[in-house]
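K.L.:
Need coordinates for the following:
(one chain, ligands or ions: 1)
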Amino acid sequence: MIVCICNNINSSTIKATVKQGACSVEDVKNTTGAASCCGKCQFKVNALVNDTLSELNHPQHATQS
Ligand code: FES
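P.N.:
So this is what the prediction gives:
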């Protein structure tokens, strides 16, 4: 699913970026360019970052929320 229309960044790319070490919207923005244009996707990017971080920290709960 495309999250950032301006930069054509999908959710898989954002998740992969977090798994590679990004831990904030700012990190994802710097790495992928997502949320660097109009900023409308910033809320979605933030939610994806948080979801992916909690999946990484609590893999047993990843499918429960
Ligand atoms: S939709 Fe992501 S910066 Fe515009």
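
K.L.:
Sketch out the low-pLDDT regions of the protein for me.
P.N.:
The chain contains residues with pLDDT under 70 at 60-65.

K.L.:
near the ligand, which residues of it show up?
P.N.:
Proximity of the chain to the ligand, by CB under 6 Å from any ligand atom, involves residues 4-7, 34-41. C-betas here are computed from N, CA, C, even on glycine.

K.L.:
Now go through the residues you listed and say which are in helices.
P.N.:
Using DSSP state H, no member of these falls in helices.

K.L.:
just the buried members of those residues?
P.N.:
4, 7, 34-36, 41 (16 or more other CB atoms under 10 Å).

K.L.:
Could you export the host helix or strand of Lys29 as PDB, CA atoms only?
P.N.:
Using DSSP states H and E, Lys29 falls within helix 25-32. Taking Å, rounded to 0.1, in the frame of the first residue of the first chain, the C-alpha atoms of helix 25-32 are listed here in PDB:
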ATOM      1  CA  VAL A  25       9.600   9.500  11.300                       C
ATOM      2  CA  GLU A  26      12.700  11.700  10.900                       C
ATOM      3  CA  ASP A  27      14.900   8.600  10.300                       C
ATOM      4  CA  VAL A  28      12.400   7.300   7.700                       C
ATOM      5  CA  LYS A  29      12.200  10.700   6.100                       C
ATOM      6  CA  ASN A  30      16.000  10.900   5.800                       C
ATOM      7  CA  THR A  31      16.400   7.400   4.500                       C
ATOM      8  CA  THR A  32      13.400   7.100   2.100                       C
END
